[in-house]
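Asker: Sequence and predicted structure are below.
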Amino acid sequence: MTRAREFINATYAAGREFLRPAQASCESGAAVSSTIVPIRSVGSGHSARISQHLLQLSPGDRYLRFGYAASDEQILRYVEGLKFERDEVFGIFSRHLELLAVAHLAFSVDPGYASCSEFGVSVASHARGRGYGARLFDRAVMHARNEGVTMMFIHALSQNTVMLNIARKAGATVERDGSESEAYLRLQPADIDSRLTEFLEESMAQTDYRLKVQAKQFWRFLSILQEVRRGVRDARDRTPM
Ligand SMILES: CC(C)(COP(=O)(O)OP(=O)(O)OC[C@H]1O[C@@H](n2cnc3c(N)ncnc32)[C@H](O)[C@@H]1OP(=O)(O)O)[C@@H](O)C(=O)NCCC(=O)NCCS
């Protein structure tokens, strides 16, 4: 079965999942292996949410993500410096539009290494172990292939076994150099399946995001309506007969 076909089947399954009560969804922390995870490309309009996500990382996680204990100022400078028009930033949003996970696929600026890219990722501590890190890695691989990239690099501390395992499982070669490790993955050329799958995944994730925005707005509208109703009822109760 092609990945595009697998994706279409998974989308039907996700549609059924969407209709289930909230506690049965992937947001509850349940295993997501059989559930599709909407991963969308995010742009400069989401800079504030990216900053919020990164600023919430603990000092230890900042060290793992950036290779140094990034301060709040350094994180804000990193987000400000993101080149959305050149690189690709992917995100996974919660129902409340919180960015649960962010991946940055940076393309080489050196024309001599035009076919190389670097991958970095972080998942909010309360959303770990659901497969988001691995899914973002797969998504970045697919995008990199479709952009003609042949090598993807992951710079990680040697102690970061979770990240290195994600890379290893995807077929990357890991070279340890003391406390630091360099993993690289040779990518297959793009094909019709990788292009179609990425197109379908992005379309589905954009639709999912729009639904989440609408749902959030609708709940806000309902709560205002309820407050108005409560006010009218209270006023009526206070009116002397
Ligand atoms: C690394 C990180 C992105 C992983 O995200 P995640 O969503 O929790 O990872 P996943 O759920 O996709 O898990 C990937 C694999 O690691 C395993 N794993 C997850 N957490 C684990 C843990 N604490 N201990 C051991 N294994 C773990 C999972 O079981 C899974 O293995 P499997 O594919 O065999 O089932 C996340 O821990 C993180 O944000 N860390 C801080 C920043 C960082 O280290 N970034 C990477 C540097 S580029």
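Answerer: Received it, and whenever you're ready, just let me know what you need.
Asker: Could you pick out the residues of the protein near the ligand for me?
Answerer: Residues of the chain found near the ligand (Cβ under 6 Å from any ligand atom) are 61, 64-65, 120-123, 128-134, 154, 156, 160, 162-163, 165-166, 169. Any C-beta I mention is one placed from the backbone N, CA and C, and that applies to glycine too.
Asker: Could you rerun that using 8 Å?
Answerer: Within the chain, the positions near the ligand by Cβ under 8 Å from any ligand atom are 57, 60-62, 64-65, 101, 119-125, 127-137, 154-157, 160-163, 165-166, 169.
Asker: Only whichever of those are buried, select them in PyMOL.
Answerer: Filtering these down to the buried ones (16 or more other Cβ atoms under 10 Å) takes a single PyMOL command:
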select buried, resi 57+61+62+64+65+101+119+120+121+122+123+124+127+128+130+131+132+133+134+135+136+137+154+155+156+157+160+163+166
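Asker: can I assume Phe119 sits in a strand?
Answerer: Yes - under DSSP: H, G, I helix; E, B strand; the rest coil, Phe119 sits within a strand.
Asker: bridging residues for it?
Answerer: Counting by DSSP bridges, Phe119 is bridged to Leu105.
Asker: So which of the residues of the chain next to the ligand sit within helices?
Answerer: Judged by DSSP state H, the subset of the residues of the chain next to the ligand located in helices is 60-62, 64-65, 132-137, 161-163, 165-166, 169.
Asker: residues in contact with the residue in the chain positioned nearest to the ligand?
Answerer: For the chain and the ligand, the shortest gap (Cβ to the nearest ligand atom) falls at Gly133, measuring 2.5 Å. If you count contacts by Cβ atoms under 8 Å, 6 or more residues apart in numbering, Gly133 has them with 101, 121, 123, 162-163, 166.
Asker: Now do the strands in this protein.
Answerer: Ranges of strands in the chain, per DSSP state E, are 40-42, 88-93, 99-107, 116-123, 151-157, 173-177, 180-186.
Asker: Is it possible to get TSV of these that adds mean pLDDT?
Answerer: Output for the strands of the chain, formatted as TSV (pLDDT from 0 to 100):
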stretch	mean pLDDT
strand 40-42	96
strand 88-93	98
strand 99-107	97
strand 116-123	97
strand 151-157	95
strand 173-177	92
strand 180-186	93
